[in-house]
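Enquirer: coords below, sequence missing:
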């Protein structure tokens, strides 16, 4: 997690600084249902580069939002999942889902 | 507003495609309380360039989220405000605010 003194003052800005970009929001959307592997995420998120996916996952792990679990198999399996803190972001994603549905209905 | 055929299938992705970046989220946060002028927004959003602010406001206007009102004064006054559709994004921002407050309390 980040240290208190490294956080913006505004609570909205704290959240925005951690998940305020397209890819992180879509990664969280995916992880809500189950843990995902790196390659699965990359296939699903059309247009994301390996570097941006790696950087996004690392910073979300550092911020305490996701966990990275390595299973000692051959070849090793690595899975990303929401942490408890990450799961508490569900209401943000659910409000986005509701709004998107409404926009979809209004659009011609 | 965007046309139905230009929208992603996933409802979360629709919202993310419209407001899934740092600056747009912070602009909406500001406009929730009252209309703002361009220069006010630029002063408040530390680090945003004139071009990025202009582009963000234009695309949010095109998406039907904000309105741009020109008052016939000398010099003309231009104000940006949330539209009805933009106001319906308040629950997204409020969930972000709640999560940010929780993170702030957990951080050391």
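Expert: Noted; the coordinates are in hand. No experiment lies behind these values; they were computed from the predicted model shown. Numbering: from 1, shown residues only, chains lettered A, B, ... in the order given.
Enquirer: Would you map the strands across chain A?
Expert: With DSSP state E, the ranges of strands along chain A come out as A:36-37, A:66-71, A:77-82.
Enquirer: which residues touch the residue most central in space within chain A?
Expert: Centroid check for chain A by Cα atoms, centre = their mean gives residue A:28 as the closest residue, at 3.1 Å. Counting by Cβ atoms under 8 Å, 6 or more residues apart in numbering or on different chains, residue A:28 makes contact with A:19, A:65, A:82, A:86, A:89, A:93. All C-beta atoms are positioned from the backbone trio N, CA, C, and that covers glycine.
Enquirer: would a markdown table of these with pLDDT and neighbour count be doable?
Expert: Formatted as a markdown table, those follow (pLDDT from 0 to 100; neighbours: other Cβ atoms under 10 Å in any protein chain shown):
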| residue | pLDDT | neighbour count |
| --- | --- | --- |
| A:19 | 97 | 26 |
| A:65 | 97 | 25 |
| A:82 | 98 | 22 |
| A:86 | 97 | 22 |
| A:89 | 98 | 25 |
| A:93 | 98 | 21 |
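Enquirer: ok so, going back, give me whichever of the strands of chain A is most buried.
Expert: strand A:77-82 (a mean of 17; mean count of other Cβ atoms under 10 Å in any protein chain shown).
Enquirer: and the residue nearest to the centre of chain A, how far is that from residue A:43?
Expert: 17 Å (Cβ to Cβ, to the nearest Å).
Enquirer: near chain B, which residues of chain A?
Expert: Selection of chain A residues close to chain B by Cβ under 8 Å from any Cβ of the partner chain yields A:1-4, A:7, A:10-18, A:20-22, A:25-26, A:29, A:85, A:88-89, A:91-93, A:95-104, A:106-108.
Enquirer: ok, back up a step: in helices only, show me the contacts of residue A:28.
Expert: A:19, A:86, A:93 (DSSP state H).
Enquirer: What ranges does chain A have for its helices?
Expert: A:11-19, A:22-31, A:38-44, A:50-62, A:84-87, A:90-106.
Enquirer: From the chain's centroid, how far away is the last one?
Expert: Think helix A:90-106. Per Cα atoms, centre = their mean, to the nearest Å, the displacement of helix A:90-106 from the mean C-alpha position of its chain is 17 Å.
Enquirer: packing partners for it?
Expert: Applying 3 or more Cβ pairs under 8 Å, 6 or more residues apart in numbering or on different chains; DSSP states H and E, we find helix A:90-106 packed against helix A:22-31, helix B:11-19, helix B:90-106.
Enquirer: same for the second one, what does it pack against?
Expert: Where contact means 3+ Cβ pairs under 8 Å, 6+ apart, helix B:11-19 is packed against helix A:22-31, helix A:90-106, helix B:22-31.
Enquirer: can these go into CSV with extra columns for distance to residue B:73?
Expert: Shown next, in CSV, are the helices and strands packed on helix B:11-19 (distance: least, Cβ to Cβ, whole Å):
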stretch, distance to residue B:73
helix A:22-31, 38
helix A:90-106, 33
helix B:22-31, 21
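Enquirer: Between those, which one is closest to residue A:37.
Expert: Of all these, the one in closest proximity to residue A:37, counting by Cβ to Cβ, is helix A:22-31 (10.9 Å).
Enquirer: so where's chain A uncertain?
Expert: Within chain A, no stretch has pLDDT under 70.
Enquirer: Next one: the residue located most distally from the centre of it relative to residue B:4, how far apart?
Expert: What lies farthest from the middle of chain A is residue A:108; by Cα atoms, centre = their mean that is 30.5 Å. To residue B:4, residue A:108 is 6 Å away according to Cβ to Cβ.
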